[in-house]
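Peer 1: Predicted model follows, preceded by the sequence.
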Amino acid sequence: MPNIKITQSACWHSVYNLLYQPVGSSFLQADKPISVAVVGVGVFGRNHARVYQELEQQGEPVHLTGVVDPNLDRADAVAREFGCRAFGSVEQMLTTHTEIRAASVAAPTVHHLAVARALMEAGIDVLIEKPLAASRAEADELVKLAATHKRIAQAGHLERFNPAVRATVPLLTQPMFFEVHRLSVFTPRSLDVDVVLDLMIHDLDIVLSFANSPVKEVRAVGLPILSGKVDIANVRLEFESGCVANFTASRVSTERVRKLRFFQPQQYVSVDYGRQEVLVFTVGADGDAPGAPTVNPQIRVAKPPVTSEEPLHAELRSFLNAVRQGSAPVVPLEDGCRALALALDIVAATRAHGKKAGLPTLAETKG
């Protein structure tokens with residue numbers, strides 16, 4: 001199974017480099033800073049601006065040129081904070097700053113297609129925050145635009161760059177059961193989408209990449225608690241491989257939890273996203289499994305080394321490297337499409353369950 005994953009990855013990167021090779025020079029000069037912008041500087045967009053500036057201060061060849069937001073007061077405040085220009089629209093920025101080579105799209109999801117289209121048509125490579133788009137059709141259009149304009153386009157699935165997740169990838173053999181919890185206290189952000197598209201989509205992307213198998217069945221229940229959308233959801237997925245995954249996501253919890261656990265032959269692996277820690281429990285005959293002994297002599301526990309790093313730093317550094325090298329991003333738009341499609345199927349399943357159970361009608365989400 002690991003060999004299949006490596007082969008598929010290598011094949012995809014080869015195809016990507018043929019179809020999406022950027023127009024013009026394939027590689028940027030190593031010491032020439034990449035001029036970047038951030039479109040949408042709400043809570044998360046501001047973090048993108050912050051990290052671009054921090055990367056520049058750390059010696060990375062990148063320069064934050066501008067931020068865009070229709071709320072000019074907010075754009076001006078972020079621009080002052082991080083020493084760049086403020087713009088009220090993408091068009092205004094492109095008219096005066098043709099040197100911009102890459103941009104983070106952190107605008108509300110309903111604007112992702114329009115913003116990314118304008119940027120890619122102007123020859124700018126993009127990192128598009130999750131969820132990739134408001135619908136499957138819009139996500140597919142983004143993929144077509146990237147191919148047509150030969151742009152580097154990365155889906156913003158942050159947890160792929162969590163050091164604990166990266167440390168877990170080499171451990172994968174044949175995961176057959178996942179248990180995932182992502183709980184948050186309530187905040188008045190991202191209430192325009194269900195908790196599935198707001199929070200659970202992080203874990204859907206990780207489990208899809210770990211399970212490496214098509215989804216066979218979706219069962220879901222979700223409830224609105226403090227908004228007109230689903231605020232808490234529980235989901236069960238069954239994959240063609242026989243693997244099963246249970247997810248719980250909540251934005252109305254009293255505590256913050258970010259954990260993924262999975263079982264595979266002779267192993268139990270626990271991943272704590274927040275602590276950036278991994279624990280591996282291995283069963284071995286006569287105690288010959290790697291790791292330290294436990295109370296049970298046949299079970300040993302190991303803690304793989306994890307180099308702590310803010311995932312957004314790793315994500316933006318990876319994006320900039322793809323832009324500089326003209327290479328396939330670690331998380332291509334197709335992965336974003338896959339996670340979005342599954343999330344929308346789950347949203348539909350929660351509505352179907354709610355209707356069957358006679359629960360209050362939920363606000364509709366485009367498919």
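Peer 2: Sure thing, it's come through.

Peer 1: Show me the protein divided up by domain.
Peer 2: Domain assignment for the chain by automatic domain parsing gives 15-151, 161-307+343-349.

Peer 1: which residues in the stretch 251-367 of the chain form strands?
Peer 2: 257-264, 267-272, 277-283, 292-293, 299-302 (DSSP state E, counting those that start in this stretch).

Peer 1: Could you export these as a markdown table, including distance to Arg74?
Peer 2: (Each C-beta comes from the backbone N, C-alpha and C, glycine too.) Shown next, in a markdown table, are the strands of the stretch 251-367 of the chain (distance: least, C-beta to C-beta, whole Å):
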| stretch | distance to Arg74 |
| --- | --- |
| strand 257-264 | 28 |
| strand 267-272 | 33 |
| strand 277-283 | 36 |
| strand 292-293 | 51 |
| strand 299-302 | 46 |
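
Peer 1: about what we covered before: between the domains of the chain, which one is closest to Val323.
Peer 2: Proximity to Val323 (C-beta to C-beta) singles out domain 15-151 among those, at 4.8 Å.

Peer 1: just how off-centre is the closest one within its chain?
Peer 2: 16 Å (C-alpha atoms, centre = their mean, to the nearest Å).

Peer 1: Please work out how many residues are found near Pro305.
Peer 2: Counted with other C-beta atoms under 10 Å, the neighbours of Pro305 add up to 7.

Peer 1: Same check on Gln58?
Peer 2: Neighbours around Gln58, by other C-beta under 10 Å: 10.

Peer 1: what's the pLDDT at it?
Peer 2: Gln58 is assigned 96 on the pLDDT scale.

Peer 1: Then Val271?
Peer 2: 98.

Peer 1: for Ser14, same thing?
Peer 2: 47.

Peer 1: Ok, the one 3 residues further on next?
Peer 2: Among the per-residue scores, Asn17 holds a pLDDT of 52.

Peer 1: just for the stretch 251-367 of the chain, where's the confidence low?
Peer 2: Applying pLDDT under 70 to the stretch 251-367 of the chain picks out residues 285-290, 294, 360-367.

Peer 1: same thing but at 50, please
Peer 2: Regions of the stretch 251-367 of the chain meeting the criterion pLDDT under 50 are absent.

Peer 1: so where do the helices sit in it?
Peer 2: Secondary structure of the stretch 251-367 of the chain by DSSP state H, counting those that start in this stretch: the helices cover 311-325, 333-357.

Peer 1: quick one: the strands in the stretch 51-200 of the chain?
Peer 2: Counting by DSSP E, counting those that start in this stretch, the strands of the stretch 51-200 of the chain are 62-68, 85-87, 102-105, 125-129, 153-156, 177-183.

Peer 1: Throw the ones you listed into CSV and include mean pLDDT and distance to Gly358, thanks.
Peer 2: Below are the strands of the stretch 51-200 of the chain laid out as CSV (pLDDT from 0 to 100; distance: least, C-beta to C-beta, whole Å):
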stretch, mean pLDDT, distance to Gly358
strand 62-68, 98, 45
strand 85-87, 98, 49
strand 102-105, 98, 40
strand 125-129, 98, 36
strand 153-156, 98, 37
strand 177-183, 98, 27
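
Peer 1: Would you tell me which of the ones you listed gets closest to Asp205?
Peer 2: Across those, closest to Asp205 is strand 153-156 (C-beta to C-beta), at 8.2 Å.

Peer 1: Identify the residues contacting that closest one?
Peer 2: Here strand 153-156 makes contact (C-beta atoms under 8 Å, 6 or more residues apart in numbering) with 20, 104, 106, 116, 120, 125-130, 132, 142-143, 145-146, 315, 318-319, 322, 329-333, 335-337, 339.

Peer 1: how far away is the spatially most central residue of the chain from Leu340?
Peer 2: Most central in the chain under C-alpha atoms, centre = their mean is His157, positioned 0.9 Å from the mean C-alpha point. Using C-beta to C-beta, to the nearest Å, we find His157 at a distance of 10 Å from Leu340.

Peer 1: Now list whatever residues contact both of those two.
Peer 2: Ile201.

Peer 1: Ser89: how many residues sit nearby?
Peer 2: 15.

Peer 1: that older thread, who's in contact with the closest residue to the residue nearest to the centre of the chain other than its chain neighbours?
Peer 2: The spatially closest residue to His157, leaving aside those adjacent along the chain, is Asp205, at 4.5 Å (C-beta to C-beta, 6 or more residues apart in numbering). Applying C-beta under 8 Å, 6+ apart to Asp205 gives the contacts 130, 157, 159-160, 331, 335-336, 338-339.

Peer 1: Redo the helices of the stretch 251-367 of the chain as CSV? Include distance to Ala249 and mean neighbour count.
Peer 2: CSV is the format used below for the helices of the stretch 251-367 of the chain (distance: least, C-beta to C-beta, whole Å; neighbours: other C-beta atoms under 10 Å):
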stretch, distance to Ala249, mean neighbour count
helix 311-325, 18, 20
helix 333-357, 10, 20
